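Asks: compute the structure for the input listed below.
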Amino acid sequence: MRTIFFSEVKKNYLAFLMILPAFLFLLTFVVHSLFWAFRLSFYEVSLLNLAAKKFILFENYKEFFQDPVFFTSFKASFYFVVGSCSLQLIFGLLIAILVNQKWVRGKTLFSLVFMIPWISSVVVVAYSWMFMYDPRVSLFNIFLRRLGLSPPPWLADTGWAMPSVIISDIWWGTSLTFLIQSSGIQSIPPSLHEVALVDGASWRQQHLYITLPLLKPFILLNLILITVYTFNNFGVILILTNGGPLHVTEIFSLFTYHKAFTYNKVGYASSLTVLMFGINLCLVAMYIRMFRGRGSK
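Replies: Numbers count the residues shown, from 1 in each chain. Take a look at the predicted model:
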């Protein structure tokens, strides 16, 4: 194995040389930060004085089971990640299939416009949706009032807060799914669909038995990226609800942020970060195993 690795490096030394800066960047900032967080998770640390650390071993990890908000944040993260990622994948894939049909015109222009949400900053996205949910000037509320319906308090009600932030995240993240799946669709040889059409396959059958199986690597990459990003991202929720009302939108990443910078519990927040890293690894491993299993069948 070692001989094969070094022979590949020797054969493709220029390619390895090109990725070396990115590798060193990850090693310096990501791996070092993870190691530092793991080390701090065994200490009681104050944000005001990081040097004054008290070694408490596994006490921060034991606090998981004593903190009621910990389990609430896990539940909120589950709803947020499952709801947002599943709909991002479905909408992005369907739009990519429709846009990449031969008869569709203006594909480049549509793709450029459709990518605007993804390239927008967190603050722009959050305040745009705060305007959409505003009780006085919300476009949703105006539309519902014209239909004779009473608009709900989108971000202030425990039943509507989570669906509201999921909708905003879907709007933001579907662009990435569209980009990845469009790349995958364009890599499929048109001759495969042409042969299937000659054999009498319908439009649905072509995409069910040709497009989707060939898109598996792209769907896997897509799921990994949007799941990890959605699980770790909290900027939009921080601005829209700050985890409220009653912690129903306080997802795990936002819960960790609050523990570190609101409650000044850096050691506890570090242990939560280590747990988040472990969850991310498990999710990625689960996706890879699931798609490999399907591929072998």
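Asks: contact partners of stretch 87-102?
Replies: The contact list for stretch 87-102 (C-beta atoms under 8 Å, 6 or more residues apart in numbering) reads 104, 107, 110-111, 114, 166, 169-170, 173-178, 180-182, 184-186, 207, 211, 215, 219, 222-223, 226, 230. Placement of C-beta: from N, CA and C, glycine included.
Asks: may I have it exported as CSV, CA atoms only?
Replies: The C-alpha coordinates for stretch 87-102 follow below in CSV (Å, rounded to 0.1, in the frame of the first residue of the first chain):
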residue,chain,number,x,y,z
LEU,A,87,-36.5,19.3,0.6
GLN,A,88,-33.3,21.0,-0.6
LEU,A,89,-32.3,17.7,-2.4
ILE,A,90,-35.8,17.1,-3.8
PHE,A,91,-36.4,20.7,-5.1
GLY,A,92,-32.8,21.1,-6.3
LEU,A,93,-32.8,17.8,-8.2
LEU,A,94,-36.2,18.4,-9.8
ILE,A,95,-35.3,21.9,-10.9
ALA,A,96,-32.0,20.7,-12.3
ILE,A,97,-33.7,17.9,-14.3
LEU,A,98,-36.3,20.4,-15.7
VAL,A,99,-33.8,23.1,-16.5
ASN,A,100,-31.4,20.7,-18.3
GLN,A,101,-34.1,19.5,-20.8
LYS,A,102,-33.2,20.2,-24.5
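Asks: pull out the buried positions in it.
Replies: The neighbour-count check on stretch 87-102 (16 or more other C-beta atoms under 10 Å) flags 87, 88, 89, 91, 92, 93, 95, 96, 97, 99, 100 as buried.
Asks: for the last one, give me phi and psi.
Replies: Residue 100 has phi and psi values of phi -90, psi 20 when expressed as degrees, to the nearest 10.
Asks: would you verify that residue 51 is located in a strand?
Replies: Yes. Checked against DSSP: H, G, I helix; E, B strand; the rest coil, residue 51 lies within a strand.
Asks: what's around it, how many residues?
Replies: Residue 51: 6 surrounding residues under other C-beta atoms under 10 Å.
Asks: returning to what we had before: from the buried residues of stretch 87-102, which land in strands?
Replies: Using DSSP state E, no member of the buried residues of stretch 87-102 falls in strands.
Asks: out of the contacts of stretch 87-102, which end up buried?
Replies: Buried among those by 16+ other C-beta under 10 Å: 111, 114, 166, 169-170, 173-178, 180-182, 184-185, 207, 211, 215, 219, 222-223, 226, 230.
Asks: flag the shaky bits of this protein, pLDDT-wise.
Replies: Scanning the chain for pLDDT under 70 picks out 1-10, 293-297.
Asks: contact partners for residue 247?
Replies: For residue 247, the contact set (C-beta under 8 Å, 6+ apart) comprises 69, 72, 73, 76.
Asks: let's have the residues you listed in JSON lines, adding neighbour count and distance to residue 268.
Replies: Formatted as JSON lines, those follow (neighbours: other C-beta atoms under 10 Å; distance: C-beta to C-beta, whole Å):
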{"residue": "69", "neighbour count": "14", "distance to residue 268": "12"}
{"residue": "72", "neighbour count": "18", "distance to residue 268": "16"}
{"residue": "73", "neighbour count": "24", "distance to residue 268": "13"}
{"residue": "76", "neighbour count": "24", "distance to residue 268": "18"}
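Asks: please identify which of those residues is nearest to residue 275.
Replies: Taking C-beta to C-beta as the measure, residue 275 lies nearest residue 73 of those, at 11.0 Å.
Asks: which strand or helix spans the closest one?
Replies: Element membership for residue 73 (DSSP states H and E) is helix 68-99.
Asks: and the next helix or strand after that helix with helix 68-99, angle?
Replies: Per DSSP H and E, the first helix or strand lying C-terminal to helix 68-99 is helix 107-114. Relative orientation of helix 107-114 and helix 68-99, computed by axes from the mean of the first three to the mean of the last three C-alpha atoms, to 10 degrees: 160 degrees.
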